[in-house]
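In: Sequence unavailable; structure follows:
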Ligand SMILES: Nc1ncnc2c1ncn2[C@@H]1O[C@H](COP(=O)(O)OP(=O)(O)O)[C@@H](O)[C@H]1O
Ligand SMILES: O=P(O)(O)O[C@H]1O[C@H](CO)[C@@H](O[C@H]2O[C@H](CO)[C@@H](O)[C@H](O)[C@H]2O)[C@H](O)[C@H]1O
């Protein structure tokens with residue numbers, strides 16, 4: 001492996017300048033790009049680190065860049081890019097093409113998303129393995145965990161909010177795309193769960209971070225790859241296609257969720273939520289609904305019915321009801337659950353909902369929030385089946401809640417008002433998410449919105 005080389009600090013605006021016109025067109029087309037729908041007006045380099053010098057065959061740059069999109073934040077969101085440059089792009093890398101550079105020091109090269117390319121991806125693993133420091137990039141590894149050298153990289157086909165690379169079916173590296181300051185729950189919570197000995201979450205092996213403006217920023221996390229696993233979403237759709245039930249799996253998922261919640265409550269502080277905290281919680285839900293109605297007019301006829309879920313919760317708060325809050329997953333759905341060939345379930349992706357402010361994602365919350373996420377997911381699967389299978393979702397719901405109660409002694413259905421409020425909040429989030437990212441899917445959460453507005457979870 002070619003050793004890592006020069007780090008370009010302070011940020012090299014020349015490298016970025018030559019790429020800027022290409023990135024302006026390419027970025028908005030990426031699934032992980034959060035600012036869809038608004039034009040990109042400019043870039044500010046935050047850090048440009050050369051990981052491989054362009055030697056004709058291949059050059060590699062790690063780039064942190066602020067992307068300006070008025071009327072977004074003045075400084076723009078910060079994105080992480082791994083940009084490869086080659087004189088000619090081999091056909092196998094065509095899907096990674098960003099464009100042909102016609103100016104600056106990289107003129108004559110083709111720029112592409114380097115995570116599609118095994119060799120640059122292997123450079124990252126090697127840096128983690130050897131705990132390298134390159135410019136401001138800190139490649140950290142848990143010293144108790146080994147990484148074998150020369151594992152072969154492949155990009156994971158399922159492009160989601162971030163980009164993941166699998167190494168020799170042994171590890172998976174999640175490269176975060178939108179980078180935010182502060183402690184990242186996607187590293188924090190799996191580390192806490194590993195300390196608790198919770199087997200339901202793959203323990204982080206290594207991670208990449210940097211410091212910007214005096215604040216830590218997590219850039220990537222490496223964890224063991226659950227080989228041969230199928231995710232809950234695939235399994236649910238498969239069961240639906242065969243006309244089979246999913247209740248035993250739903251029950252196991254309820255147990256797995258409860259085990260994770262129990263371990264998180266042991267590992268990190270829990271708090272009692274009284275009126276001072278619940279008031280803003282209800283207000284947040286109400287405000288998100290108002291913003292969603294503005295963004296997606298199809299919600300207008302249901303606004304009042306949906307709001308009644310939050311009013312009902314507000315009434316319980318006024319009567320003095322309190323809830324225990326703890327750290328939770330924050331964006332739990334079937335796609336975040338992996339079943340190993342052994343039948344054991346793991347939960348992944350503790351980043352929280354990508355659209356929520358980072359500080360909010362790390363706040364203790366009622367655990368029913370995650371449960372609502374999973375119940376929404378059973379409904380998603382059932383509604384996207386042909387024909388839709390509401391009974392299937394109903395059975396999963398019952399089995400999941402029973403599984404959860406077997407471990408914790410608390411059946412989430414005994415807290416119907418909070419559960420409905422969170423299911424409503426999630427369905428509203430999903431409407432906005434689908435409108436933005438997958439408009440064809442919009443009817444799925446909208447069908448739930450119709451039912452939730454009429455106080456009927458099924
Ligand atoms: N430890 C793992 N073992 C096997 N596959 C995994 C693992 N972690 C993630 N994956 C796969 O990678 C996909 C994306 O991971 P995820 O953490 O959900 O990223 P994103 O934030 O981009 O959605 C998952 O849907 C799953 O298929
Ligand atoms: O996995 P991510 O963190 O990227 O989560 C986002 O994308 C999800 C879709 O991939 C989205 O989940 C919604 O669709 C799922 C089916 O594809 C369904 O199982 C979930 O219940 C539903 O919420 C998720 O909301 C979003 O944050």
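Out: Here it is on my side, so go on. Small disclaimer: the values here were computed from a predicted structure and weren't measured. Ligands and ions are numbered 1, 2, ... in the order given.

In: Just confirm residue 45 contacts residue 16, I think it does.
Out: Yes. Using Cβ atoms under 8 Å, residue 45 is in contact with residue 16, at 4.4 Å. Heads up, the C-betas are built off the backbone N, CA and C, glycines and all.

In: What parts of the chain come near ligand 2?
Out: With Cβ under 6 Å from any ligand atom as the criterion, the chain meets ligand 2 at residues 160-161, 233, 331, 333-335, 349, 353-354, 376-377, 380, 430, 433.

In: go again using 5 Å as the cut-off
Out: Residues of the chain that fall close to ligand 2, judged by Cβ under 5 Å from any ligand atom: 160-161, 333-334, 376-377, 380, 430.

In: Just those residues: which are in helices?
Out: 376-377, 380, 430 (DSSP state H).

In: want to try TSV for those residues, with neighbour count and pLDDT as columns?
Out: Shown next, in TSV, are those (neighbours: other Cβ atoms under 10 Å; pLDDT from 0 to 100):
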residue	neighbour count	pLDDT
376	26	98
377	25	98
380	24	98
430	24	95
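
In: ok, and the closest non-adjacent residue to residue 248?
Out: residue 399 (7.2 Å; Cβ to Cβ, 6 or more residues apart in numbering).

In: To which secondary structure element is that neighbour assigned?
Out: In this assignment (DSSP states H and E), residue 399 forms part of helix 390-408.

In: Ligand 1 versus residue 169, what's the distance?
Out: 9 Å (Cβ to the nearest ligand atom, to the nearest Å).

In: so what's that residue up against?
Out: 225, 227 (Cβ atoms under 8 Å, 6 or more residues apart in numbering).

In: How much space separates it from residue 114?
Out: Distance, residue 169 to residue 114, by Cβ to Cβ, to the nearest Å: 21 Å.

In: Could you list the low-pLDDT ranges of the chain?
Out: Scanning the chain for pLDDT under 70 picks out 1-13, 159, 456-458.

In: Spell out which parts of it neighbour ligand 1.
Out: Applying Cβ under 5 Å from any ligand atom, one finds that the chain approaches ligand 1 through 160-162, 164, 172, 202, 225-226, 348-349.

In: what's the closest of those residues to residue 94?
Out: Set against residue 94, the nearest of the residues of the chain next to ligand 1 by Cβ to Cβ is residue 164 (20.4 Å).

In: if we can go back for a sec, any chance of the residues of the chain next to ligand 2 in JSON lines with distance to residue 65 as columns?
Out: As requested, these are exported to JSON lines (distance: Cβ to Cβ, whole Å):
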{"residue": "160", "distance to residue 65": "21"}
{"residue": "161", "distance to residue 65": "18"}
{"residue": "333", "distance to residue 65": "30"}
{"residue": "334", "distance to residue 65": "33"}
{"residue": "376", "distance to residue 65": "34"}
{"residue": "377", "distance to residue 65": "34"}
{"residue": "380", "distance to residue 65": "34"}
{"residue": "430", "distance to residue 65": "30"}
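
In: closest to ligand 1 among the residues you listed?
Out: residue 160 (3.1 Å; Cβ to the nearest ligand atom).

In: What are the buried residues along stretch 237-253?
Out: Neighbour counts over stretch 237-253 (16 or more other Cβ atoms under 10 Å) mark 237, 239-240, 245-247, 249-253 as buried.

In: from those residues, which two are the most distant?
Out: Counting by Cβ to Cβ, the most remote pair of those is 237 and 251, 18.6 Å apart.

In: Name the nearest residue to residue 127, sequence neighbours excluded.
Out: Nearest non-adjacent residue to residue 127, counting by Cβ to Cβ, 6+ apart: residue 139, 4.2 Å away.

In: Dig out what that neighbour forms beta bridges with.
Out: On the basis of DSSP bridges, residue 139 is bridged to residue 208.

In: give the contact list for it.
Out: Contacts for residue 139 (Cβ under 8 Å, 6+ apart) come out as 124, 127-128, 130-133, 206, 208.

In: Which members of those are classed as buried?
Out: 124, 127-128, 132, 206, 208.

In: How many neighbouring residues does the closest residue to ligand 1 within the stretch 1-150 of the chain have?
Out: For the stretch 1-150 of the chain and ligand 1, the shortest gap (Cβ to the nearest ligand atom) falls at residue 32, measuring 6.9 Å. By the criterion of other Cβ atoms under 10 Å, residue 32 has 18 neighbours.
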